[in-house]
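Chemist: The sequence and its predicted three-dimensional model are supplied below.
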Amino acid sequence: MHPMSAPPDFRQHLEVETPEHVTLDYEIAGLGSRALAAILDTLILSAWTFALVLIIGMPQHLLSGSWQTALWVVTYFASIWGYFTFFEALRGGQTPGKRRLGIRVVRDTGHPVTFGAAAARNLLRAADFLPPPYLLGALFVGLHPRGKRLGDIVAGTVVVRDQPALQTAGVLTPPTAEVEAAGVPELSDEEFRFLREFAERAPSLPAEVRARLATRLAARLAERYPNRAEDPERFLAALYRDELGRRRGRFGARTGKDGSREGGSGEVERLVARKSARWNAFQTLAERAASRGLDSFEAAELPDFAARYREVAADLARARTYRAPPAIQARLERLVAAGHNALYRDERKTGQVIWQFIFRECPAGIVQARRAVLLACLTFVLPGIAGYRLIRDRPSLADEVLPATILDRAAAGAARIRAGHGYYEAKAGTRPAMASMIMTNNISVAFYCFAGGIFAGVGSLFLLAFNGLEMGAVSGHFSNLGLLGYLWTFVIGHGVLELFAIWVAGAAGLLLGRALIAPGDITRGEALVLTGRLAMRMIGAVIVLLVVAGSIEGFVSASTAPLVVRLGVSGASVVFLVGYLGLGWTYLRERGPPAGWAGATLTPATDAVQTGGTR
């Protein structure tokens, strides 16, 4: 009698070592399951955005039309850009679609994904999406040895299958309690292994196939059990429960140990018989921790969960020592991985941590990357000067290169000045909506400017240079009409923060390009991961600056406020920016540079990045 042979395994794997010195073997999720999860998440997100129209549109007695529009714009923007990030960061690496498909995002070290890593991998969706829909991302997932798209490479993450245990429910399910029976085992190790493997595979087999295999197996054992049940499956179920009880008993070890490489030793079977109930109990706890977090445990349950995790990790080590069959090792590896993810997840979500990140670490990231910010500034300003001079020297080019909206506003400028109006004045009732649309549009531009850096920095360079060139050309055209002051009276209030924020976003993208082209003494993968951590702090600062700038543009720049007010707001924004960067400078002096790769000398030893291995 020979055990059912397992088919060849062509799946990709990631191996990482836990602090308990146990190697975990993660199965990497394939393109199909990830694509299906993305489709499910897109459907959920579409349903949510449709619901937003109904939810926000109903309470008209509470909000004015402009404030309703502003709330809709901000909520929609946060949903589109934040859905994947917040679910993966706050739900253990799983969006609803990923949870349904049984896959999860983890870091290369096997640890749960952090908020920064989740943000980095999902902001890079802008690059993975090209050309639509997600062709570049799909190509990387299909060809990369760990199934990584560009976002995963920068974030240092990998998508793995997340099934804490193999399915064992069915007609031959062992008892959940550790029942022991008197006497020595009646089946040989080979016979019991075959019976157990049938029990594990039976639930996934078609009914006719299961019945045929059960009949053949029962026929082989018929002579020794003349008083068996007529139904082969009922007979095998009773025999399996009885044999499990015997192997859990005091004489279970007498089956011996052959030491063969097939893993059929008596020690393996005794280990499975004695521990399967505890493995099932730990699986229940691990699933609870994965879905509701460790906060759902009582104080007395946490030490018990940690102790059970260490016990399962030790059982995995024993199973490998005894050369247990792959199915047993896979089940234990998934259990240990589930416990590892729960115990080593960062549960800190306090206001103090958020405050420190926004007002200390984010500006520190800008200070740390100040040379890249200066380079981004020059990439913007120099084409701007060139565009200004070009339109000044050749005014006829304005009709060919500038948008019609800009040309119309310039043509109407003189008349608006005579009427006592500014460049643009929105009605008071529309300003909340305008402010929300401005800030969300500018933040989107900043995200794309950052994501473009993954293409060796070319995307960020292009967006910076193009926007600088356009602003210079617009200024040149207004100057030709004697309206330059008219234009910049509008820009002066919000321009300082808005322009600086775009430079910072571009600098974050340029750092990605530098990490890809010139990683230095570390690998490109390590350089991209470390740069991604620094870039996320810079992008956090960009969001803060653009929210303030958008509010100024919507409520002040687009108002009828006099020039002295606009200059005062501009001066206040400069003071705010200097103070904000000062907080970052103080943080760097007190704490040293946060983990990153730019503006500081870092080595892999400073912020080690474990990448595991594949097989």
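Modeler: Good, I have the coordinates. Numbers count the residues shown, from 1 in each chain.
Chemist: for the residue nearest in space to the middle of the chain, what are its contacts?
Modeler: The chain has residue 118 as the residue nearest its centroid, 2.9 Å off, counting by Cα atoms, centre = their mean. Counting by Cβ atoms under 8 Å, 6 or more residues apart in numbering, residue 118 makes contact with 84-86, 88-89, 93, 105, 155, 157. Quick note: C-beta positions are derived from backbone N, CA and C, even for glycine.
Chemist: so which of the residues you listed would you say is closest to residue 509?
Modeler: Nearest to residue 509, judged by Cβ to Cβ, of those is residue 155 at 15.1 Å.
Chemist: Out of the contacts of residue 118, who's the most crowded?
Modeler: Ranked by neighbour count (other Cβ atoms under 10 Å), the contacts of residue 118 have residue 155 at the top, with 30 neighbours.
Chemist: wouldn't it be in contact with residue 125 here?
Modeler: No - counting by Cβ atoms under 8 Å, residue 155 does not reach residue 125; the two are 11.2 Å apart.
Chemist: Give me the three-state assignment for the residue nearest to residue 213 when sequence neighbours are not counted.
Modeler: Once flanking residues are discounted, residue 213 sits nearest to residue 198: 6.3 Å by Cβ to Cβ, 6 or more residues apart in numbering. Put simply, residue 198 is helix when judged by DSSP: H, G, I helix; E, B strand; the rest coil.
Chemist: Counting neighbours, what do you get for residue 428?
Modeler: Neighbours of residue 428 (other Cβ under 10 Å): 12.
Chemist: hmm, back to that, okay, now the residue nearest to residue 213: neighbour count?
Modeler: 22.
Chemist: and what of the one 4 residues further on?
Modeler: Residues near residue 202, counting by other Cβ under 10 Å, number 23.
Chemist: For it, give me the pLDDT.
Modeler: Residue 202 is assigned a predicted lDDT (pLDDT) of 72.
Chemist: From residue 230, how far off is the residue nearest to residue 213?
Modeler: Residue 198 sits 19 Å away from residue 230 when distances are taken as Cβ to Cβ, to the nearest Å.
Chemist: what does residue 426 give?
Modeler: Using Cβ to Cβ, residue 426 is found at 85 Å from residue 230.
Chemist: When those two are compared, which one has more neighbours?
Modeler: Set side by side, residue 426 and residue 230 show more neighbours around residue 426, with 19 against 7, by other Cβ under 10 Å.
Chemist: Three-state assignment for that one, please.
Modeler: coil.
Chemist: Got phi/psi on it?
Modeler: Phi and psi for residue 426, reported as degrees, to the nearest 10, are phi -90, psi 150.
Chemist: check contacts around it.
Modeler: Residue 426 is in contact with 434, 554, 558-559, counting by Cβ under 8 Å, 6+ apart.
Chemist: Just to be sure, which of those residues are found in helices?
Modeler: Applying DSSP state H to the contacts of residue 426, the entries found in helices are residue 434.
Chemist: Residue ranges of each domain in this structure, please.
Modeler: 13-162, 189-343, 360-600 (automatic domain parsing).
Chemist: for the second one, the distance to its chain's centre please.
Modeler: Right, domain 189-343. 34 Å (Cα atoms, centre = their mean, to the nearest Å).
Chemist: Report the contact partners of the closest residue to residue 492 other than its chain neighbours.
Modeler: Closest residue to residue 492 apart from its sequence neighbours, by Cβ to Cβ, 6+ apart: residue 570 at 4.9 Å. Going by Cβ under 8 Å, 6+ apart, residue 570 touches 492-493, 495-496.
Chemist: for residue 268, same thing?
Modeler: 189, 319, 322-325, 328.
Chemist: Check residue 97 too.
Modeler: 36-41, 44.
Chemist: let's see 7 Å
Modeler: 37-38, 40-41, 44 (Cβ atoms under 7 Å, 6 or more residues apart in numbering).
Chemist: ok, and for the host helix or strand of it, which residues are buried?
Modeler: Assessed by DSSP states H and E, residue 97 sits inside helix 96-101. Neighbour-count burial for helix 96-101, counted by 16 or more other Cβ atoms under 10 Å, picks out 96-99, 101.
Chemist: what's the neighbour count on residue 427?
Modeler: Neighbours of residue 427 (other Cβ under 10 Å): 10.
Chemist: so how far is residue 508 from it?
Modeler: 37 Å.
Chemist: Run through the stretch 251-400 of the chain and note the low-pLDDT ranges.
Modeler: The model of the stretch 251-400 of the chain has pLDDT under 70 over residues 251-266, 269, 291, 345-351.
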